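K.L.:
Make a model of this:
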Amino acid sequence: MLASPVLLGLLLQAAPASPGPEAFFVGRTEGNGVAHIILSGHHRVRVHSRGRIDRGGALLLDQVVEEEGKPPRRRSWRIVRVGPDRIAGTITDARGPIEGRFNGNQLDISYRSTDGPTVEQHIIFQPDGRTAINRMTFRRFGLSVATMEETIRRVD
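P.N.:
Just a heads-up that it's a prediction; the model follows:
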């Protein structure tokens, strides 16, 4: 049910003149967090990611998500810039497209999980350029059913 994403997703249609948030996900990143699920308590989540920019300028992000008590699973993101402050794309465990908007040092993303909940994700890029905080909320029928907070660090 949980998607770390961490992601996700920042990409370019063309390489930025100076490194921007998109560069954060190029290379290897690792996320460590805790998911809080209503009626189930909490469990640890770890995400290993590898990102690259394809020839068309899309960010391709491959992840292995390890949730405590579940077998590891793979997921992939494909994200493109569709405006100066907007992204769009796909993720293997989303029903339909994902959409996002940059707001300063923060990327806000929303999508519908294949498991049913609507996902709101807020990735806050830290001034050090090597760390981001990922906060996610999962909603069913407008009610929050789970949250996750994760720290993502660049490995490369």
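
K.L.:
tell me the strands in this protein, going along the chain?
P.N.:
27-37, 41-53, 59-67, 73-83, 86-91, 98-103, 106-112, 118-125, 131-140, 143-154 (DSSP state E).

K.L.:
any chance of the ones you listed in CSV, with mean pLDDT and mean neighbour count too?
P.N.:
Every C-beta, even on glycine, is put in place using the N, C-alpha and C of the backbone. Converted to CSV, those look like this (pLDDT from 0 to 100; neighbours: other Cβ atoms under 10 Å):
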stretch, mean pLDDT, mean neighbour count
strand 27-37, 96, 17
strand 41-53, 95, 17
strand 59-67, 96, 20
strand 73-83, 94, 18
strand 86-91, 94, 20
strand 98-103, 94, 18
strand 106-112, 95, 19
strand 118-125, 96, 20
strand 131-140, 96, 19
strand 143-154, 96, 18
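
K.L.:
what sits against Arg74?
P.N.:
62-65, 92 (Cβ atoms under 8 Å, 6 or more residues apart in numbering).

K.L.:
Let's have the residues you listed in CSV, adding distance to Ile38.
P.N.:
Listed next are the contacts of Arg74 as CSV, based on distance: Cβ to Cβ, whole Å:
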residue, distance to Ile38
Asp62, 30
Gln63, 25
Val64, 26
Val65, 20
Thr92, 25
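
K.L.:
And the residue located most distally from the centre of the chain, what's its pLDDT?
P.N.:
Note on the chain: the largest C-alpha distance from the chain mean falls to Leu39, namely 24.6 Å (Cα atoms, centre = their mean). Model confidence at Leu39, given as pLDDT, is 87.
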